[in-house]
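[1] Whatever this is, show me its structure:
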Amino acid sequence: MCRELRKKFLSEHYVQEVFIKFHNLKQKSLTVEEYTMEFEELLMKCDIQEPEEQTVARYLGGLNEDIANIVQLQPFWTLDDVIRLALKVERQITQENNRFSKERGWCFKCQGFGHIAADCPNRRVITLIEEEDHEEASEEFKKEDDIDYDAEEEVPADCGEALMVCRILNIAMLTKDEGWIRHNIFHTRCIAQGKICKVIIDSRSCENVVAAYMVEKLKIPTEEHPNPYKLQWLKKGNEVKVTRRCCVQFSIGSKYTDDVWCDVIPMHVCHLLLGRPWQYDRCAIHDGFKNTYSFFKDGVKIVLTPLRPDEYEKKVEPSLITRSDLNKTHRKFNFMCFLLICEENKETLSVHEDVKPLIEEFSDVVPVEIPNGLPPMRDIQHAIDFVPGSVIPNKPAYRMSPKEHGELQRQVKHLLDKGLVRKSSSLCAVPALLVPKKDGSWRMCIDSRAVNKITIKYRFPIPQLDDLLD
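    Here you go, the predicted model:
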């Protein structure tokens, strides 16, 4: 019991620290890219549900003043627009500082004058020496004597019907001339059992991961994980227990087919996440400049090429669009086309045979249309008793448009013609108003709040449903 309480206390304490860090997040010496990554990471961890305008204001509040002041003068609508503007402003400021340093000879490293950072006498040279231990890789390549190292096959992403619709991480979308490769991780698509699935290759992931939805949708057989473990912050909520794994067979292009053991996790970033185990088993080499992964498979050198951000989102557009996304699309293209398919529901007025005798017997109680006139006199008549000495209210009518006023007059005339109401000569007057229905018609409501305040309450009020269920 003490261990559980201590674990709960530590978890709550950690969440509190994350919230404090998120609310006090400032850019300071970080670049805009580093600040944006930390901002989005803390935003996902805190799981804050707030309007996008408030998130934009929170993001601008953490930027440095020299960048935020310029960004606020530019037109923007979403958080992506603000991030894009901040990156541009940072590049402009950096270029101006570099030009100033060349003219004045100012060094960024030692903050001195008369030289630049490239000629700084106080710079330190660090040499990284990698241990040459590739015996296992060499033995594996020696076994394949038929490898043609000159043959190279570029494998682009597959296209087709997507397995499911899901949202990706918020990234700063850059134009073609702004170096999109520098700011995006590796995305591609594969084919698994005839379905197009989204793939991310990330060397920072310690395991290969497959989405639980993909396993359930494709009915991939699973087995107990030999070493179960727990993860945090991978999805909305608390920690995730990893207890199952499966072998996923997939193909990218026509040359690369593979099967990988993956841990089953309920995630929404992608369908398949290839981490360090896949790179280690395939001896994959990552080209940081081109953002490609190359390795040898069946005697052929395979080069996996990434998808552009616009291509990655092209085939996974959401089936349900929000109002903000709709407005953004309209501002971008200036015209929109809608296809609305409606199917008329056939109305059936069939009554079950066992109910027909009951309805015929009590036809006077449940008529098709309410009869004219008031109900007959009963033994007990309803009366509204006011508190002695109270002032009877006489409220003025609400202001209405001509259309609403005509609708109110029509409903009152209909009630008068049917004899359900009659003209009142009482000093008490309460206003009426119209409330729109779902079908577009109007419902007349009486504002009796002033009368209810001075009405004597019943000694035995009608019980409420919540009280009865309690």
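
[2] List the contacts of D447.
    395, 398, 430-433 (CB atoms under 8 Å, 6 or more residues apart in numbering). (Each C-beta comes from the backbone N, C-alpha and C, glycine too.)

[3] CSV for these, including distance to I191, secondary structure and pLDDT?
    Converted to CSV, those look like this (distance: CB to CB, whole Å; DSSP: H, G, I helix; E, B strand; the rest coil; pLDDT from 0 to 100):
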residue, distance to I191, secondary structure, pLDDT
K395, 70, coil, 88
Y398, 63, coil, 88
V430, 69, coil, 89
P431, 66, coil, 91
A432, 64, strand, 91
L433, 60, strand, 90
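
[4] With respect to K290, which of those residues is nearest?
    Of all the contacts of D447, K290 sits closest to L433, with 66.7 Å by CB to CB.

[5] That closest one contacts Y398, doesn't it?
    Yes. Contact criterion CB atoms under 8 Å: L433 and Y398 qualify, at 5.2 Å.

[6] mind giving me JSON lines with the contacts of D447 and columns for neighbour count and distance to I380?
    Output for the contacts of D447, formatted as JSON lines (neighbours: other CB atoms under 10 Å; distance: CB to CB, whole Å):
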{"residue": "K395", "neighbour count": "14", "distance to I380": "30"}
{"residue": "Y398", "neighbour count": "13", "distance to I380": "34"}
{"residue": "V430", "neighbour count": "15", "distance to I380": "24"}
{"residue": "P431", "neighbour count": "13", "distance to I380": "30"}
{"residue": "A432", "neighbour count": "14", "distance to I380": "28"}
{"residue": "L433", "neighbour count": "15", "distance to I380": "31"}
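
[7] now, among the residues you listed, which is nearest to V355?
    Proximity of the contacts of D447 to V355 (CB to CB) peaks at A432, which lies at 37.5 Å.

[8] any idea how far I370 is from that closest one?
    20 Å (CB to CB, to the nearest Å).

[9] same deal with K418?
    Counting by CB to CB - K418 and I370 are separated by 7 Å.

[10] These two - which one has more neighbours?
    Neighbours per residue (other CB atoms under 10 Å) separate K418 from I370, with K418 holding more: 14 against 8.

[11] how many neighbours does the spatially closest residue to the more buried one that is not a sequence neighbour have?
    Spatial nearest neighbour of K418, chain neighbours left out: N372 (4.8 Å); criterion: CB to CB, 6 or more residues apart in numbering. The burial count assigned to N372 is 9, neighbours taken as other CB under 10 Å.

[12] Just list the residues touching N372, thanks.
    Counting by CB under 8 Å, 6+ apart, N372 makes contact with 417-420.

[13] for those residues, which one is nearest K453?
    L420 (26.4 Å).

[14] backbone phi and psi for that closest one, please?
    Main-chain dihedrals, L420, degrees, to the nearest 10: phi -80, psi -20.

[15] That one contacts L374, correct?
    Yes. Using CB under 8 Å, L420 is in contact with L374, at 6.8 Å.

[16] Neighbour count: the two, which is higher?
    More neighbours surround L420 than the other of L420 and L374, with 14 against 11 (other CB under 10 Å).

[17] Now do the closest residue to P266 other than its chain neighbours against L427, distance only.
    Excluding its sequence neighbours, the residue lying closest to P266 (CB to CB, 6+ apart) is A212, at 4.4 Å. Distance of A212 to L427, computed by CB to CB: 69 Å.

[18] who has more neighbours, those two?
    Using other CB under 10 Å as the criterion, A212 and L427 rank with A212 on top: 16 against 8.

[19] Show the contacting residues for the more buried one.
    By CB under 8 Å, 6+ apart, A212 lies in contact with 264-267.

[20] what about H271, how many neighbours?
    Neighbours of H271 (other CB under 10 Å): 29.

[21] typo on my end, L63
    Using other CB under 10 Å: L63 sits among 24 other residues.

[22] and the gap between it and E360?
    From L63 to E360 the distance is 76 Å (CB to CB).

[23] With E223 instead?
    In terms of CB to CB, E223 sits 64 Å off from E360.
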